[in-house]
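Student: Sequence first, then the predicted structure, then my questions.
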Amino acid sequence: MGSHSIEQVLAGLDAEIARAIEDGDRCGYFTVLYRKVTAKVKEGIEAGFFDDGERMERLDALFAERYFDAVSARRSSATPTASWQLTFDAGGRWRPLVLQHLLVGINAHINLDLGVAAARCSPGPQLPRLRGDFDRINAILASMIDAVQADLQRISPWMAVLDRIGARTSTELVRFSIVTARAGAWRFATDLDATPAPDRDALIEARDQRVARVGRMVLRPGPWMSAGLLLVRVRERDDVAANLERLLDAAEPSLASVEDVVAGAEER
């Protein structure tokens, strides 16, 4: 998959989404979000949004390879990374919200996979030049989460109720996951690039275990918040296929709004 085009990545994601709709697979929630982010990356490449479009397509393919390898392991006797195993296990349980399925997938793919892909895409002195486009990928993800909030609230109507009364449950979960991903993913890429090749697998394994711990916090964020999330889940729509279709149709951010997110992050 690493040498494939972004169109082939999108085709692979479309096949996974079609399977999830047919099977009612909750892991498809993240796949829909990832597909929308990838399509926005393609749009950005075509519009000259990134510093280096050819490099971005290469990064996108390496990034997707990590996801497809995990999916393949799920369906075979192979073992995916611990953070992806956690994500797949959550897909088989009733209790996590759609939002939690999204965030635990983001956690595995951004906190672990993106750093690995970045270090492979732009090794050594090339890596610092990737930083601007690396930040743009994370900004696309953050903007996409914001854009699908209205659709998530239609799927989970009590999430909006909790937010209105001051619990800010969804906001806290999103901030926890996205901010954690932004803060750690680039640092991991630079650490991995600086590590001698024979030691990199051990570093990835150690990182994977830490990322899995973050994923467990997303799924079980403490007794008070977990109790509130259970109330939300009771009212959440259970038709997985319909929920997936709704998320596929969710509004998407413009590239201009994504650039505003990047600029805001730089100011902070």
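Tutor: On my side now, so go ahead.
Student: how close does the closest residue to Gly53 other than its chain neighbours sit to Ala15?
Tutor: Once flanking residues are discounted, Gly53 sits nearest to Ile45: 4.2 Å by CB to CB, 6 or more residues apart in numbering. C-beta coordinates here come from the backbone N, C-alpha and C atoms, glycine included. Distance, Ile45 to Ala15, by CB to CB, to the nearest Å: 22 Å.
Student: Who has more neighbours out of those two?
Tutor: Ile45 (19 against 11; other CB atoms under 10 Å).
Student: Now do the contacts for that one.
Tutor: For Ile45, the contact set (CB atoms under 8 Å, 6 or more residues apart in numbering) comprises 6, 53, 56-57.
Student: now Leu13
Tutor: By CB under 8 Å, 6+ apart, the contact list for Leu13 reads 31, 34-35, 38, 64.
Student: buried residues in whichever strand or helix holds it?
Tutor: In the assignment (DSSP states H and E), Leu13 maps to helix 6-23. Neighbour-count burial for helix 6-23, counted by 16 or more other CB atoms under 10 Å, picks out 6, 9-10, 12-13, 16-17, 20-21.
Student: nearest to Ala70, of these?
Tutor: Glu16 (11.2 Å; CB to CB).
Student: And the pLDDT for that closest one?
Tutor: Glu16 is assigned 98 on the pLDDT scale.
Student: distance of it from Leu244?
Tutor: Using CB to CB, we find Glu16 at a distance of 11 Å from Leu244.
Student: Common neighbours of those two, please.
Tutor: Gly28.
Student: From Asp25, how far off is the nearest residue in space to Gly124 that is not next to it in sequence?
Tutor: Setting aside the residues directly before and after it, Gly124 is nearest to Asp193 in space (CB to CB, 6+ apart), at 6.8 Å. According to CB to CB, Asp193 stands 35 Å off from Asp25.
Student: go on, Ile6?
Tutor: Relative to Asp25, Ile6 is positioned 24 Å away (CB to CB).
Student: Quick check: the farthest pair among the buried residues of helix 6-23?
Tutor: For the buried residues of helix 6-23, the maximum inter-member distance is 22.4 Å, found between Ile6 and Ile21 (CB to CB).
Student: quick one on the thing from earlier: what distance separates the helix holding Leu13 from the centre of its chain?
Tutor: 16 Å (CA atoms, centre = their mean, to the nearest Å).
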